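Asker: sequence and predicted model, in that order:
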Amino acid sequence: MRMIFRYLKPFVPRMSLGLTIKFIGSVMDLLLPWILSYMIDEVAPMGDMGLVAIWGGAMIGAAVMAWLTNILANRMAAWVAQHTTEKIRHDLFEKISRLSCGQVDSYSIPSLEARLTTDTYNVHQMLGMMQRIGIRAPILLVGGVLITLTLDPVLTLVLVCTLPFIGVLVYSVSKKGVPMYTELQQSVDGMVRTVRETISGIRVIKALSKVDYERERFAGVNEGVSHKETRAGTTMALTNPLMNLFLNLGLTAVIIVGAFRVNAGLTQPGKIIAFLSYFTIILNAMMAMTRIFVSFSRSSASGDRIAAVLSAPTDLEVEPAEREDSPYHIEFDKVTFSYNKTDPNVEDISFRLRRGETLGIIGATGCGKSTLINLLMRLYDTDSGRIAIGGRPIKSIPEEELHRMFGVVFQNDALFADTIRENIDFGRGLPDGEIEKAAKCAQAMEFISALPEGFGHMLTSKGTNLSGGQKQRVLVARALAGTPDILVLDDSSSALDYKTDAALRKGLREEYSGVTTVIIAQRVSSILHADHILVLDEGRELGYGTHEELMESCEVYREIATSQMGEGRKD
Amino acid sequence: MPPRFMPRGPIEKPRDRKKVLIRLWSYIYAHKFMALGAVALTVGSNLLALLGPYLSGRAIDAIGLTKGGVDFQSVFFYCALMALFYAASAGLSYGLSILMIHLSQKIVREMRQQVFDRLTLLPVKYFDRHQTGDIVSHISYDIDTVNASLSNDLLQIAASVITVVGSLIMMIAISPMLVLVFVVTIPMSVMFTRYMTKKVRPLFHKRSVMLGQLNGFVEEVISGQKTTKAYHQEETQIGRFDKKNKEAVDAYYNAEYYGAMTGPSVNFINNLSLAFISVFGSILFLLQRISIGDLSSFVLYSRRFSGPINEMANIVSELQSACAAAERVFDLMDQPTEPEDAPGAVNVDEVSGDVKMDHVGFGYEKDKEIIHDLSLHAPPGGLTAIVGPTGAGKTTLINLLMRFYDPDRGRITLDGRDIQDITRKSLRLSYAMVLQDTWLFTGTIFDNLAYGKKDAKRADVEAAAKAARIHRYIMALPKGYDTILDENGINISQGQKQLLTIARAMLLDAKMLILDEATSNVDTRTEQQIQAAMRTLMKDKTCFVIAHRLSTIQNANNILVVRGGDIVEQGTHRELMEKNGFYAGLYQSQFQ
């Protein structure tokens, strides 16, 4: 939370001014019932109509003042909250952009998203609310008690006596009720899950005619939700009637005690009337403060979650090292790595590629193919072993320089809500010719030129308005467009039919022959012609060589190839 | 939990409010005695509460204005009455809340079940055309909105009406002259509320739209962060983010700028009433037209009086959106179900599995036919393979065979009988089905496997699991067949899921099989297990296979080649290769 308050620092003068204005407004609100009692007890008995009018005018004046100052202060508060939130959100986004992939994994993507959206939103709300009600409620509460003290200290005591009851009530009911709502939320989530499950399995359900079974299943969940909601509601239902009862009993007590005081000549009836008004003001302030308390504790949790990311240390520093002369473009030397630092995800992997060569990597999902790419691009650091590009250990290459060498398509890679051209160019400011060449080679030209806006066609977020094959072709075009030194294609042709895939490979051979290429695939046909093929299974090398060599030497490779391509292939 | 911002958008209006209200009423009417009780409690508790200020005025009058002049007996009497009435009112209003919770839960539960029951009867077409998220929101968010309205808004309206009318009557009874004060302040309230509704609502709507856009942007960019890093485009993304961020906070500020007026303005109007009442009350007091106790009562009533009026606008708009939500729920309940089976449709039990399609034509949309004139024959035990690029509409055939959709032209027969003359239930049960998206539900492994066969014995299930080569894996789990499958439960791989669905299909001993061979994402060993399990499953069945393996294709009696939703070629492997068309190209290209 302290970090959030640091963001408020530049706004301290403005906030102080706003708070002063707010203070004046709240005092004006407090003045009104006092004037009323003064009028009844002092002015009216004098029988001077003019004086009544003057004090009435004073009341209206105070009301107008309160109105104007409160609006002004609220607007200033909104302004401060706006600018603070904008800065916090910017800094948070910038920080998240610079987190290493390992750090992103440890926070998890949904959690980072929630911090940028829900959490900053909570903080924004809190910043506004604290300045508006957070200041006003204590002023009204303390000010109200102070004024009633000057009116009649004994009656004040009666009034103050009821406050603990209300405090205890609100505290104990929310203590009991809040966990019930958490439970309720969980069972609602369960219900939603059941509905989703049924919808996604509707074909199976209908095929096996299990409609009745599903209905009963839902009826059980439905009843659970209703039961929990009834329980939570019943508990919370106590609050309002009891609160009103305490308030009204307090008022009744004020009248009784007041009666004794008036009888003893210690107070006047006008003051009792004023008390009744102050009582309402104080009570509302109490209620507002409990609300603020709940909101503050929620937002301070949000604030802490934001601060945790903002103060995360920088990862993956550059470690200077000597360049060695090497005939190889890419070298992996006994590389071992584990995401969670227990079981290695890749173990003892070595290979060497000369400039312009192609490496194919094949193996089941989860065998560590994509991990090798993550290591090659230094999205993670190896646990042991050495990776070098052009003889330089990649740890010694600044991130920007390193990443500029690559054109890459990750598995399920991202497309953004922008034009196709922008998605290919991706902020690099490439000339049109290069983009068109890349799109042609990626076999994307055909469908792009069929679109009415061509390259200007807007994609939806994540490219949901393209088919799987079209997405992959745009992504490949993006990877090719910068004419990279190293091209990495991770499972980027799985949605292409064999024909298009073949045309793409042909294009790569002809147009981008000097580019060192790493292709990850599930289909043997995609890597058949690579200079080297690495067969991975559970993070280990099962075979390394050309297609022909592996067909001879590697049993697993032969099995995959046979099951995919049949015996029918004649070399 | 996903971020949830209350959409305070423009008022949603139902298309036909009257119809919706009548239908909602029928739900309440079904519990008419509870509803009547609720009305009685509302009236009772509000009337009792209204007596409070009157009694306090009497008590203050009994105190009088002078030292030693207090009529203690009356003060105690009125105060005791006050305490009693307030306590009774609190008791009644608590009882009312409890009653309303039970009533609204009864109704809501009934509605949810009705919606769900309807869902299970809808044709598959409905689910293909509507997003799951939308359907879920009808059953959760929309019904919640109706619930909130039933349990809160209706009561609040009733209470408000009683309070406003009651306070007004009491005030007129105390002093008709003083009531004239409201001639000034009520129009102010009304005008202010109307101004705010018009001015602020669109701003708040814009605020939530902008926030929604920011959220969308964040989700998109953060999930694509690896790409951003790989291309070193952090700065570009930060720039784009700043723009969205600024739009969001600006929209927030704009809404707040006017929203900041609400609290102080409502307060101001109340204060103004108080000032007027003070001035005119003092004058009337001077003229001895009103007692001090009456003045006190009047002040208290005036506060009660203006409260609900300020709230009215909010409640009305909430009611509107509840009606709109109810209308969406009713719409879903009124969706046409799968048509009844044809009169005289028979249950098929023992089938031999002889399937024929005779000049079938079909399209998902009326003017877009994708199967033009398809005829085929799948003899008992025969293998029909369907091949083609991804997303080319290979599932269409399956939709037709299982009558998830009906053809527009031609006919499909099973053992020589038109499938239109067979009950859907028995037709579907004569197929076993293994789809690519392996559907398992939250429940034990046993329940999942025995899903299609009602009184399956443990031994049957185990036999099927053994045949599907998944028995050993299941037994290795701590709870074996009683292991519960759910999202965050045990770590079960895609391949194992597929084996489980194969085991489920094994248990069915159906004569016909629909199979999607796709087994990407599994390691080599599991792949081999799956293949072996599939071969066992296919034995002696009429099979329709979405083929991904050349071995399957080459063995098929008949291959259907699908492209862009159309069936473009049909024949055996050899025939198609000789034809040298699309299939031959497809086949050759994987060796290039």
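Answerer: Happy to help now that I have it.

Asker: can you get me a residue count around A:Trp34?
Answerer: Neighbour count for A:Trp34, taken as other CB atoms under 10 Å in any protein chain shown: 19. All C-beta atoms are positioned from the backbone trio N, CA, C, and that covers glycine.

Asker: which of the residues in the strand or helix carrying it are buried?
Answerer: Using DSSP states H and E, the element containing A:Trp34 is helix A:12-38. For helix A:12-38, the neighbour count (16 or more other CB atoms under 10 Å in any protein chain shown) marks A:15, A:18-19, A:21-38 as buried.

Asker: one more: stretch A:262-274?
Answerer: Across stretch A:262-274, burial judged by 16+ other CB under 10 Å covers A:262-263, A:267-274.

Asker: where in the stretch 101-250 of chain A is pLDDT low?
Answerer: Nowhere does the stretch 101-250 of chain A drop to pLDDT under 70.

Asker: now swap in the stretch 251-400 of chain A and tell me
Answerer: In the stretch 251-400 of chain A, residues with pLDDT under 70: A:365-366.

Asker: residues from it in reach of chain B?
Answerer: Selection of the stretch 251-400 of chain A residues close to chain B by CB under 8 Å from any CB of the partner chain yields A:251-252, A:255-256, A:258-260, A:262-265, A:268-270, A:272-273, A:276-277, A:280, A:363-367, A:377, A:379, A:399-400.

Asker: select from the residues you listed every entry located in helices.
Answerer: Counting by DSSP state H, these place A:251-252, A:255-256, A:258-260, A:262-263, A:269-270, A:272-273, A:276-277, A:280, A:399-400 in helices.

Asker: so which bits of the helix or strand that contains B:Lys244 are buried?
Answerer: If you go by DSSP H and E, B:Lys244 is part of helix B:234-259. Within helix B:234-259, the residues scored as buried using 16+ other CB under 10 Å are B:234, B:236-238, B:240-241, B:244-249, B:251-259.

Asker: kindly report the same for stretch B:29-46.
Answerer: Neighbour-count burial for stretch B:29-46 flags B:31, B:34-35, B:37-38, B:41-42, B:44-46 (criterion: 16+ other CB under 10 Å).

Asker: coming back round to it: counting contacts, what elements does the helix holding A:Trp34 pack onto?
Answerer: Secondary-structure packing of helix A:12-38 (3 or more CB pairs under 8 Å, 6 or more residues apart in numbering or on different chains; DSSP states H and E): helix A:49-98, helix A:135-151, helix A:269-310, helix B:262-286.

Asker: tell me the most buried of those helices?
Answerer: Burial of the helices and strands packed on helix A:12-38 is given as mean neighbour count (mean count of other CB atoms under 10 Å in any protein chain shown); helix B:262-286 ranks first at a mean of 22.

Asker: anything in the helix or strand following that one near chain A?
Answerer: Next along the chain after helix B:262-286, taking DSSP H and E as the criterion, comes helix B:292-333. Yes. Applying CB under 8 Å from any CB, one finds helix B:292-333 in contact with chain A at B:292-293, B:295-296, B:299-300, B:303.

Asker: run a quick neighbour tally on the closest residue to chain B within chain A.
Answerer: Closest to chain B within chain A is A:Ala414: 2.6 Å, counting by CB to the nearest CB. Using other CB under 10 Å, A:Ala414 has 20 other residues around it.

Asker: separation between the spatially closest residue to it that is not a sequence neighbour and A:Arg428?
Answerer: Spatial nearest neighbour of A:Ala414, chain neighbours left out: B:Gly224 (2.6 Å); criterion: CB to CB, 6 or more residues apart in numbering or on different chains. To A:Arg428, B:Gly224 is 16 Å away according to CB to CB, to the nearest Å.

Asker: which of the two has more neighbours?
Answerer: B:Gly224 (20 against 16).

Asker: show me the contacts for the more buried one.
Answerer: Residues near B:Gly224 by CB atoms under 8 Å, 6 or more residues apart in numbering or on different chains: A:413-416.

Asker: let me know the pLDDT of it.
Answerer: For B:Gly224, the model assigns a pLDDT of 82.

Asker: show the backbone phi and psi for it.
Answerer: phi -100, psi 20 (degrees, to the nearest 10).

Asker: ok so, going back, format the contacts of B:Gly224 as a markdown table; extra columns: secondary structure and distance to A:Val474.
Answerer: Listed next are the contacts of B:Gly224 as a markdown table, based on DSSP: H, G, I helix; E, B strand; the rest coil; distance: CB to CB, whole Å:
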| residue | secondary structure | distance to A:Val474 |
| --- | --- | --- |
| A:Asp413 | coil | 9 |
| A:Ala414 | coil | 11 |
| A:Leu415 | coil | 7 |
| A:Phe416 | coil | 11 |
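
Asker: tell me the one of those residues nearest A:Ile147?
Answerer: A:Phe416 (59.5 Å; CB to CB).

Asker: right, is the helix holding B:Lys244 up against chain A?
Answerer: Yes. Applying CB under 8 Å from any CB, one finds helix B:234-259 in contact with chain A at B:234, B:236-238, B:241-242, B:245-246, B:249-250, B:252-253, B:256-257.

Asker: need the contact partners of the helix or strand encompassing B:Arg472.
Answerer: Taking DSSP H and E as the definition, B:Arg472 sits inside helix B:471-476. Outside helix B:471-476, the residues that touch it by CB under 8 Å, 6+ apart are B:445, B:462, B:465, B:480-481, B:483, B:496, B:499.

Asker: quick one: the helices in the stretch 301-450 of chain B, in order.
Answerer: B:395-401, B:424-429, B:445-449 (DSSP state H, counting those that start in this stretch).

Asker: please disregard the earlier target; I meant the stretch 351-500 of chain A.
Answerer: Using DSSP H, counting those that start in this stretch, helices in the stretch 351-500 of chain A cover A:369-376, A:399-404, A:420-425, A:432-441, A:445-450, A:468-481, A:498-511.

Asker: from B:Ala230, how far off is the residue nearest to A:Ala414?
Answerer: Taken as CB to CB, the span from B:Gly224 to B:Ala230 is 10 Å.

Asker: with A:His227 instead?
Answerer: 51 Å.

Asker: where does chain B dip in pLDDT?
Answerer: B:1-13, B:309-310, B:313-314, B:389-393, B:487-491, B:518-525, B:550, B:564-565, B:589-592.

Asker: quick one, strands of chain B?
Answerer: Assigned by DSSP state E, chain B shows strands spanning B:355-362, B:371-378, B:383-387, B:409-414, B:417-418, B:431-434, B:443-444, B:484-485, B:512-516, B:542-546, B:558-563, B:566-571.

Asker: A:Gly407: which of those strands is closest?
Answerer: strand B:558-563 (31.1 Å).

Asker: show me what the closest one is packed against.
Answerer: Packed next to strand B:558-563, using 3+ CB pairs under 8 Å, 6+ apart, are strand B:371-378, strand B:383-387, strand B:566-571, helix B:573-579, helix B:582-589.

Asker: what pairs with the second one, and is each one parallel or antiparallel?
Answerer: Think strand B:383-387. Applying DSSP bridges, strand B:383-387 is found paired with strand B:542-546 (parallel), strand B:558-563 (parallel).

Asker: in CSV, list the ones you listed along with mean neighbour count.
Answerer: Converted to CSV, the strands paired with strand B:383-387 look like this (neighbours: other CB atoms under 10 Å in any protein chain shown):
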stretch, mean neighbour count
strand B:542-546, 24
strand B:558-563, 21
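
Asker: including distance to B:Met512, could the ones you listed go into a markdown table?
Answerer: Below are those laid out as a markdown table (distance: least, CB to CB, whole Å):
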| stretch | distance to B:Met512 |
| --- | --- |
| strand B:542-546 | 4 |
| strand B:558-563 | 14 |
